[in-house]
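Student: sharing a sequence plus its predicted fold:
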Amino acid sequence: MSEHNLPINLLIVDDHQLIIDGLRSLFAEDERVEIVGGVTSGNEALKFLTEHAVDVVLADINMPKMSGIELTYQIRNAYPNIYVLALTMHDDSTLISKMIEAGASGYVLKSTNMNELVDAISAVARKEKYLSRDVQTIIMGNIYNSQDAITTIEPNVVKLTPRETEILNLIAREYTNEQIADMLFISERTVETHRKNIFTKTSTRSIVGLMKYAMNHNLINMEEEQ
């Protein structure tokens with residue numbers, strides 16, 4: 001799609017048909033957006049994309065069989081010119097991060113108004129990033145809440161990202177790459193990339209060496225598992 005061409009071809013993916021029908025009604029007279037399809041599962045969405053021209057996919061996160069996070073990852077890998085905008089009721093910072101990490105270009109809550117939703121779709125279609133005002137507030141709040149923890153890290157201890165720390169703790173519990181990928185809604189390839197980064201940052205070469213380093217520097221918390 002050219003940046004100046006209208007309408008934007010939109011595919012809606014939501015496991016609630018009522019949401020799809022409601023959005024169809026809202027966009028019925030809006031010349032900026034053309035809803036070319038509405039499906040209720042990730043698998044249906046992937047099949048639809050093989051047969052139709054789509055500019056933007058408007059996807060929910062919590063869906064059966066395939067989450068919106070996994071769907072986003074697959075779309076972005078298979079169709080680099082199709083952009084994903086999350087439209088969901090979930091305002092959890094972890095899910096926001098996972099969706100963006102999977103490749104989503106934007107994140108909007110279902111409580112948003114129609115004008116902001118159209119702005120978000122338009123921005124994503126222009127290859128821009130878009131976070132709704134509510135989502136920006138959530139992310140900023142999460143950053144400020146974690147500042148104290150960041151500043152108290154010992155200077156000689158490596159700084160792992162939140163996702164690397166999450167994976168390190170799962171490795172410590174002897175989960176396989178496949179199991180970690182399923183639990184975090186990411187691909188095994190992504191898990192393997194994080195594992196390599198963890199080994200590189202900690203200058204360790206084996207699981208035993210990694211676990212010894214992690215325990216010595218309080219990077220894992222085995223008490224979480226009950």
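Tutor: Nice, I can see it. Numbers count the residues shown, from 1 in each chain.

Student: residue 136 and residue 96, how far apart?
Tutor: 10 Å (Cβ to Cβ, to the nearest Å). For glycine as for every other residue, the C-beta is placed from the backbone atoms N, C-alpha and C.

Student: number of nearby residues for the residue lying closest to residue 117 once chain neighbours are set aside?
Tutor: Nearest non-adjacent residue to residue 117, counting by Cβ to Cβ, 6 or more residues apart in numbering: residue 108, 6.1 Å away. The number of residues packed around residue 108, counting by other Cβ atoms under 10 Å, is 23.

Student: for residue 108, helix, strand, or coil?
Tutor: Of the three states, residue 108 takes strand under DSSP: H, G, I helix; E, B strand; the rest coil.

Student: got the domain ranges for this protein?
Tutor: Residue ranges for the domains of the chain, per automatic domain parsing: 8-139, 162-224.

Student: got a markdown table for these, with mean pLDDT too?
Tutor: Shown next, in a markdown table, are these (pLDDT from 0 to 100):
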| stretch | mean pLDDT |
| --- | --- |
| domain 8-139 | 92 |
| domain 162-224 | 86 |
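
Student: deepest of the ones you listed, which one?
Tutor: Mean neighbour count (mean count of other Cβ atoms under 10 Å) peaks for domain 8-139 among the domains of the chain, with a mean of 18.

Student: and that domain, how far out from the chain middle?
Tutor: The chain centre lies 11 Å from the centre of domain 8-139; the measure is Cα atoms, centre = their mean, to the nearest Å.

Student: so for it, first residue to last residue, what's the gap.
Tutor: For domain 8-139, the separation between the terminal residues is 28 Å (Cα to Cα, to the nearest Å).

Student: what's the answer for stretch 77-85, then?
Tutor: Terminal-residue distance, stretch 77-85 (Cα to Cα): 15 Å.

Student: and the contacts of that stretch?
Tutor: 46, 49, 54-59, 71-72, 75-76, 103-108, 120-121, 124-125, 127, 130 (Cβ atoms under 8 Å, 6 or more residues apart in numbering).

Student: where does residue 189 sit, in terms of helix or strand?
Tutor: helix 188-202 (DSSP states H and E).

Student: next secondary structure after that helix?
Tutor: Going down the chain from helix 188-202, the next helix or strand is helix 207-216, by DSSP H and E.

Student: from the contact counts, what lies against that following helix?
Tutor: Contacts defined by 3 or more Cβ pairs under 8 Å, 6 or more residues apart in numbering; DSSP states H and E place helix 207-216 against helix 162-172, helix 188-202.

Student: now for the first one, which elements pack on it?
Tutor: Contacts defined by 3+ Cβ pairs under 8 Å, 6+ apart place helix 162-172 against helix 93-102, helix 177-184, helix 188-202, helix 207-216.

Student: quick check: the residue positioned nearest the centre of the chain vs residue 11, distance?
Tutor: Centroid-nearest residue in the chain, with Cα atoms, centre = their mean: residue 99, separated by 0.9 Å. The spacing between residue 99 and residue 11, counted by Cβ to Cβ, is 17 Å.

Student: still on that earlier bit, what is the orientation angle of the helix holding residue 189 with helix 177-184?
Tutor: Angle between the axes of helix 188-202 and helix 177-184 is 100 degrees (criterion: axes from the mean of the first three to the mean of the last three Cα atoms, to 10 degrees).

Student: can you pull the contacts of residue 194?
Tutor: By Cβ under 8 Å, 6+ apart, the neighbours of residue 194 are 163-164, 167.
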